[in-house]
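>>> Predicted model and sequence follow; I will ask about them next.
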Amino acid sequence: MTNHGRLCDFSFYVTSLDTQRHYAEVGAPAKELSLLQAVSEFYKQCGENPPTVNTMLGVEYRTDHKELDPIGIGAADLLQRVNGQLIMPKDYERSEILSQEKLISVNAVSFLRQQRERFYEMSDKYTIECAKALSAKLPEIVENQEKCVEVMSQLAGEYGAERCRVILANETYGNASQLLSPETADYLEEVRDKYDDRFRINATPQALEQLTNALRSLEGLSETETKLYHAGLVNGDSRQVRSESEQVKTEIEHHNTLENQGLVSDDQWSL
């Protein structure tokens, strides 16, 4: 969505960078958003990604006022989550266009400042929803690893894998962690914070072990990889899924090209 200001046309973006992978992009950046769309996407990506992934909400613009900006295009981050903390950089103040465009420097910045104050409240709201959904599914997935993966894939897609991990870590308070495998205990310990009864799902150690294994099998997968995994077109751990997905993706794209040319029948698959 393009907004028309006094000095420029502008839209908002959200992008995430993995600090443990040389700041590689995590998924495709979401661009040409309205401010409300960008805030919603920012919440979503923060829930999906661990603290080691930095997430940025920013604005990009185009202007004909070359006396203020000879290049005519530019961008600046307005809200960032860095190492799990929210910060509001003031890069826009160094731009003659952005600092003078009141729809950005006043309206957008003020709105994001309010959102920053509500961020943790909103994040908890989504975590509570996710915990309730997972708790309701527990009777269906006990001792059924395939169903367990299906449920975790669904919840990770809707609420974010990192949020699911926090919920599982919340269950390790008390004696539960002593009954888990060392690998599972260490994995959950990394994100365990203070106990919050609102996130409780009442999982047995056995169910907690299953849920964690299911989540780890999906960890780090892109939307396409998760879709292929959920459809049963690729299998194995996350490394195997990533390896197999590229070939399957290429085959599907090739088949879709042939479909568009009318050379083969529609197989109902798209990415």
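Perfect, I can see it now. Nothing here was measured: the structure is a model prediction, and the numbers come from that model. Residues are numbered from 1 along each chain as shown.

>>> secondary structure element for the residue lying closest to residue 50 once chain neighbours are set aside?
Leaving out its chain neighbours, the residue that sits closest to residue 50 by CB to CB, 6 or more residues apart in numbering is residue 162, at 5.0 Å. All C-beta atoms are positioned from the backbone trio N, CA, C, and that covers glycine. According to DSSP states H and E, residue 162 maps onto helix 161-170.

>>> tell me the angle of the helix or strand encompassing residue 148 relative to helix 161-170?
With secondary structure defined by DSSP H and E, residue 148 is part of helix 145-159. Between helix 145-159 and helix 161-170, the angle comes out at 120 degrees (axes from the mean of the first three to the mean of the last three CA atoms, to 10 degrees).

>>> Show me what helix 145-159 is packed against.
If you count contacts as 3 or more CB pairs under 8 Å, 6 or more residues apart in numbering; DSSP states H and E, helix 145-159 packs onto helix 109-141, helix 161-170, helix 205-218, helix 223-230.

>>> Need the winner for burial among the ones you listed.
Highest mean neighbour count of the helices and strands packed on helix 145-159: helix 161-170, a mean of 24 (counted as mean count of other CB atoms under 10 Å).

>>> What mean pLDDT does it get?
Mean pLDDT, helix 161-170: 88.

>>> Repeat that for stretch 133-145.
87.

>>> Contacts for it next, please.
147-148, 151, 155, 159, 164, 167, 200-204, 206-207, 210-211, 213-214 (CB atoms under 8 Å, 6 or more residues apart in numbering).

>>> related to what we said a few turns ago, which ones are touching the residue nearest to residue 50?
47-51, 191.

>>> Distance to residue 28 and secondary structure added to those residues, as JSON lines?
Formatted as JSON lines, the contacts of residue 162 follow (distance: CB to CB, whole Å; DSSP: H, G, I helix; E, B strand; the rest coil):
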{"residue": "47", "distance to residue 28": "17", "secondary structure": "helix"}
{"residue": "48", "distance to residue 28": "13", "secondary structure": "helix"}
{"residue": "49", "distance to residue 28": "14", "secondary structure": "coil"}
{"residue": "50", "distance to residue 28": "19", "secondary structure": "coil"}
{"residue": "51", "distance to residue 28": "21", "secondary structure": "coil"}
{"residue": "191", "distance to residue 28": "26", "secondary structure": "coil"}
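
>>> Just the buried ones among those residues, please.
Among the contacts of residue 162, the ones that count as buried by 16 or more other CB atoms under 10 Å are 47-50, 191.

>>> Please identify which pair of those residues lies farthest apart.
48 and 191 (13.6 Å; CB to CB).

>>> Done for today, thanks.
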